[in-house]
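Engineer: only geometry, no sequence info:
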Ligand SMILES: [Mn+2]
């Protein structure tokens, strides 16, 4: 996104936030369930804005938050004394008549810890970069823009507009959020780099943000092994799962890492990493180079995401079922010798 366009968006976002904050006494910030570093980085940034505007704010976590990204769990533990992290059930005691809910890095109701309390909020404000669908929350104000690298990028601009003092650690969390969702700054956006530059100016370091995600060599080898077992289909897309132990239970963040590794190292338009995350629940992590809209493919499995990164959680299927369904969905668009269509026009029909 061009910086000029982003700046105009941020100005409007600030205006709307100012208005909603003025009408509200408490703020409840919610990111997506099983948060990642973009979710937590942007939630921390928004808490700092609320502090500056003298509004009491809480970050609402889902009961499964510890099964999100490890680096996000570590950030939550490290900042427990500084920000008020609560669970959805705490809303029973804390909600006021004039509470404001702020959803960051999420727009779909089922992915929010506050989903059972939505009718209790008179005001809802959303900033996100995922696609919308039928489950998108109704809000008073929403800025949902796929041109954003991350929610953290937008919050970084808002922090600038509000004149919030950022310390080095907070700047590093926001930078880590941007780096996660931009595939380590692999996102050609003038506006993103200028947000990154602001964070570096506050003491953030790309090396330190990168180090938050660092893995042990054993774990890295494991990721590489599953990624390296990928099967290439029609010379266009690649699918992988744990061939040796198909019933293995994965962390969703590991399936994301496997998919990222595949996209980086395999000459494919789209990649899919499949594995169980519970005994009866499969997870697909999908990535693409932009020529195939994987969010549409994941929607056919009940999932969601962005053009280049999406995921789905599925019950009642085997890995074989998922593979053949993927092949069925994608094969018409994969004729060798032709470029795949920029955007797949898929309907529920094509998933059958
Ligand atoms: Mn994000």
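Structural biologist: Received it, and whenever you're ready, just let me know what you need. Because the structure is a prediction, the values reported are computed rather than measured.
Engineer: How about the contacts made by residue 298?
Structural biologist: Contacts for residue 298 (C-beta atoms under 8 Å, 6 or more residues apart in numbering) come out as 284, 286, 304-305, 310-312. Any C-beta I mention is one placed from the backbone N, CA and C, and that applies to glycine too.
Engineer: Quick check, pLDDT for the residue positioned nearest the centre of the chain.
Structural biologist: Computing the C-alpha centroid of the chain and ranking residues by C-alpha atoms, centre = their mean puts residue 105 first, at 5.7 Å. In this model, residue 105 is scored at 98, pLDDT.
Engineer: Please name the nearest non-neighbouring residue to it.
Structural biologist: residue 151 (3.9 Å; C-beta to C-beta, 6 or more residues apart in numbering).
Engineer: Kindly report the same for residue 294.
Structural biologist: Sequence neighbours aside, residue 286 is the residue nearest to residue 294 in space, at 4.0 Å (criterion: C-beta to C-beta, 6+ apart).
Engineer: Enumerate the residues of this protein near the ion.
Structural biologist: Proximity of the chain to the ion (C-beta under 5 Å from the ion) is limited to residues 38, 105, 150, 181.
Engineer: Reformat these as TSV; add secondary structure.
Structural biologist: Below are those laid out as TSV (DSSP: H, G, I helix; E, B strand; the rest coil):
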residue	secondary structure
38	helix
105	coil
150	coil
181	helix
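Engineer: So which of these sits lowest on pLDDT?
Structural biologist: Ranked by pLDDT, the residues of the chain next to the ion bottom out at residue 181 (94).
Engineer: Report the contact partners of that residue.
Structural biologist: Taking C-beta under 8 Å, 6+ apart as the criterion, residue 181 is in contact with 38, 129, 149-152, 187, 309.
Engineer: again, but for residue 139
Structural biologist: Counting by C-beta under 8 Å, 6+ apart, residue 139 has contacts 103, 124-126.
Engineer: Tell me both backbone torsions, phi and psi, for it.
Structural biologist: phi -140, psi 170 (degrees, to the nearest 10).
Engineer: is it fair to say residue 215 lies in a helix?
Structural biologist: No - secondary structure of residue 215 (three-state DSSP): coil, not part of a helix.
Engineer: rewinding a little: show me what the residue nearest to residue 294 bridges to in the sheet.
Structural biologist: On the basis of DSSP bridges, residue 286 is bridged to residue 272, residue 310.
Engineer: Tell me how far it lies from residue 90.
Structural biologist: Computed as C-beta to C-beta, to the nearest Å, the residue 286 to residue 90 distance reads 34 Å.
Engineer: pretty sure residue 189 is touching residue 149, no?
Structural biologist: Yes - the criterion here is C-beta atoms under 8 Å, and residue 189 meets it with residue 149 at 5.8 Å.
Engineer: Now list whatever residues contact both of the two.
Structural biologist: Common neighbours of residue 189 and residue 149, using C-beta under 8 Å, 6+ apart, are residue 182.
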